[in-house]
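A.B. asks: no sequence on this one, just coordinates:
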C-alpha cells in the first residue's frame, strides 16, 4: 500500500509535486496516522524558503500541524490504539503531514477534541503548544498577580489567537494585544483581550491608555522591528518571550539595566532533542482538548481549502506568505 504526498520538487524547489511512497512502518514509540487535515504555518514557508536556497537531493514533505486517525501503533505505545482520533504538531526533523499517512512520536500526540471536526482541530496544535509553552513555561504568567500586564505583539495571528484566551483563562494578568485593523482588533477582543492597540506605534498607543510599561511581552512577529519598543516598554524585572528569530544583533544593554529576562520559544525543541520531558507536549494537547470540549477555547480556523493537491498546498502557502491572516488556514483531505 502506498502513501500519497505533496512534496517540494527537488528539480524546481520553488514548486511542489505529487508523489507516492511505500507505507511507513511505526518505530516503537510511533503512531501511523491517516492524516485528515493539515494546517499551514509560517514554519512551512520558512523551511520551503530554506530548501530553495540550499537545494534538495530528494522530494521533501512539509506540514507539521495535523489531525487524523491512528492506523497502527509501535511496540512501546500503550496509550493509543487503532481508530483513535488524534491531533499533533509533529517533529520538524521527520517527514511532514502533507501526506495521506504519517509517522509521529506518540508522546507528542493527544486525542483530539471531540467537539471539533478535522479542519478545526488541525488548525490548533502547533500554535497551542507555542502559546502554552511561552506563557506558562517561560513567562510563567500563571504565577503573576492581577496588577500585572501582558502585551502580545501579533494578537490576531495563529499563536496570538490562542495566547489571548489561554492568558485570560489561566492567569490574572491584564491582556493587551496588537491589531492594526478593526476586524483584527475585534478578533482579539472576542478571544478575551482586555485592550487592543496598533503595533505601528506601540509606545504612543499604550501612552494613550496611560500605560508606560508592561510586565510581560510575548513577541509573535518582527523581533528586530519591535526591539526598541520592547526594551523601552518592559518593566524592571520583567520577562520577554519571542518566537521570531532576529536577523540583526539585538542590543541587550537595556535588558541588563532593567534585569529583564529574554526567553526563546520553539515548540520543536522537545522533539528535536528528545528531551526527558518530551511527553509534556502530549499532556498540553490533552489539557487544551478538554478546554475546547468545555467550550472555554475555540478553534482558530479561519479558512479551509480542500484536497491533497499541489494547488491546495500552494494556495495555502500563498495565504500565509501574504502576512495578513486572521487565525489559521487548513487543507482538508
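C.D. replies: Received the coordinates, thanks. Just so we're clear, the structure is a prediction, and the values are computed from it rather than from any experiment. Residues are numbered from 1 along each chain as shown.
A.B. asks: wait, doesn't residue 255 sit right on residue 236?
C.D. replies: No - Residue 255 is not in contact with residue 236 according to CB atoms under 8 Å; the separation is 10.3 Å. Using the backbone N, CA and C atoms, a C-beta is placed for each residue, glycine as well.
A.B. asks: So between those two, which is more surrounded?
C.D. replies: Taking other CB atoms under 10 Å, residue 255 and residue 236 do not tie; residue 255 has more neighbours (17 against 10).
A.B. asks: which residues sit in contact with that one?
C.D. replies: 231, 234, 240, 261-262 (CB atoms under 8 Å, 6 or more residues apart in numbering).
A.B. asks: and of those residues, the nearest to residue 206?
C.D. replies: Within the contacts of residue 255, the smallest distance to residue 206 is 12.0 Å, found for residue 234 (CB to CB).
A.B. asks: Give me the nearest residue to that closest one, chain neighbours excluded.
C.D. replies: Spatial nearest neighbour of residue 234, chain neighbours left out: residue 260 (4.9 Å); criterion: CB to CB, 6 or more residues apart in numbering.
A.B. asks: In contact with the one you found, which residues?
C.D. replies: Counting by CB under 8 Å, 6+ apart, residue 260 touches 231, 234-240, 254.
A.B. asks: out of those, which are inside strands?
C.D. replies: Residues of these located in strands (DSSP state E): 234-240.
A.B. asks: and the nearest residue to residue 2 once chain neighbours are set aside, how far is that from residue 6?
C.D. replies: With sequence-adjacent residues excluded and distances taken as CB to CB, 6+ apart, residue 2 is closest to residue 20, at 4.5 Å. Using CB to CB, to the nearest Å, residue 20 is found at 11 Å from residue 6.
A.B. asks: quick one on the thing from earlier: pull up the gap between the residue nearest to residue 234 and residue 230, please.
C.D. replies: Distance, residue 260 to residue 230, using CB to CB: 9 Å.
A.B. asks: Now do the shared contacts for the two.
C.D. replies: Overlap of the contact sets of residue 260 and residue 230 (by CB under 8 Å, 6+ apart) consists of residue 240.
A.B. asks: on that earlier part again, and the ones in strands among the contacts of residue 260 as JSON lines, adding distance to residue 268?
C.D. replies: Compiled in JSON lines, the ones in strands among the contacts of residue 260 are given as follows (distance: CB to CB, whole Å):
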{"residue": "234", "distance to residue 268": "26"}
{"residue": "235", "distance to residue 268": "30"}
{"residue": "236", "distance to residue 268": "32"}
{"residue": "237", "distance to residue 268": "30"}
{"residue": "238", "distance to residue 268": "26"}
{"residue": "239", "distance to residue 268": "22"}
{"residue": "240", "distance to residue 268": "20"}
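A.B. asks: farthest pair in these?
C.D. replies: Farthest pair in the ones in strands among the contacts of residue 260 (CB to CB) is 236 and 240. Separation: 12.6 Å.
A.B. asks: now for the host helix or strand of residue 167, which elements pack on it?
C.D. replies: Residue 167 belongs to helix 160-170 when assigned by DSSP states H and E. Other helices and strands packing on helix 160-170, by 3 or more CB pairs under 8 Å, 6 or more residues apart in numbering; DSSP states H and E, are helix 125-132, strand 149-153, strand 174-178, helix 182-190.
A.B. asks: which outside residues touch the second one?
C.D. replies: Which is strand 149-153. So strand 149-153 is in contact with 139, 141, 160, 163-164, 167, 171, 173-178, 193, 199, 202, 206, 211, 214-222, 226, 230, 233, going by CB under 8 Å, 6+ apart.
A.B. asks: Residue 291: neighbour count?
C.D. replies: Residue 291 sits with 17 neighbouring residues when counted by other CB under 10 Å.
A.B. asks: Check residue 124 too.
C.D. replies: Residue 124 has 33 neighbouring residues, counting by other CB under 10 Å.
A.B. asks: give me phi/psi at it?
C.D. replies: phi -110, psi -30 (degrees, to the nearest 10).
A.B. asks: are any of the contacts of residue 255 buried, and which?
C.D. replies: Buried subset of those (neighbour count, 16 or more other CB atoms under 10 Å): 231, 234, 240, 262.
A.B. asks: Roughly how far does the residue nearest to the last one when sequence neighbours are not counted sit from residue 214?
C.D. replies: This means residue 262. In space, residue 262 comes closest to residue 240 once its chain neighbours are excluded; the distance is 5.0 Å by CB to CB, 6+ apart. Between residue 240 and residue 214 the distance is 10 Å, computed by CB to CB.
A.B. asks: Likewise for residue 221?
C.D. replies: Between residue 221 and residue 214 the computed distance is 17 Å (CB to CB).
A.B. asks: sec struct for residue 49, please.
C.D. replies: Per DSSP: H, G, I helix; E, B strand; the rest coil, the local secondary structure of residue 49 is helix.
A.B. asks: picking that back up, anything in contact with each of residue 240 and residue 214?
C.D. replies: Common neighbours of residue 240 and residue 214 (CB under 8 Å, 6+ apart) are residue 234.
A.B. asks: can I assume residue 302 sits in a helix?
C.D. replies: No - going by three-state DSSP, the assignment for residue 302 is strand, not a helix.
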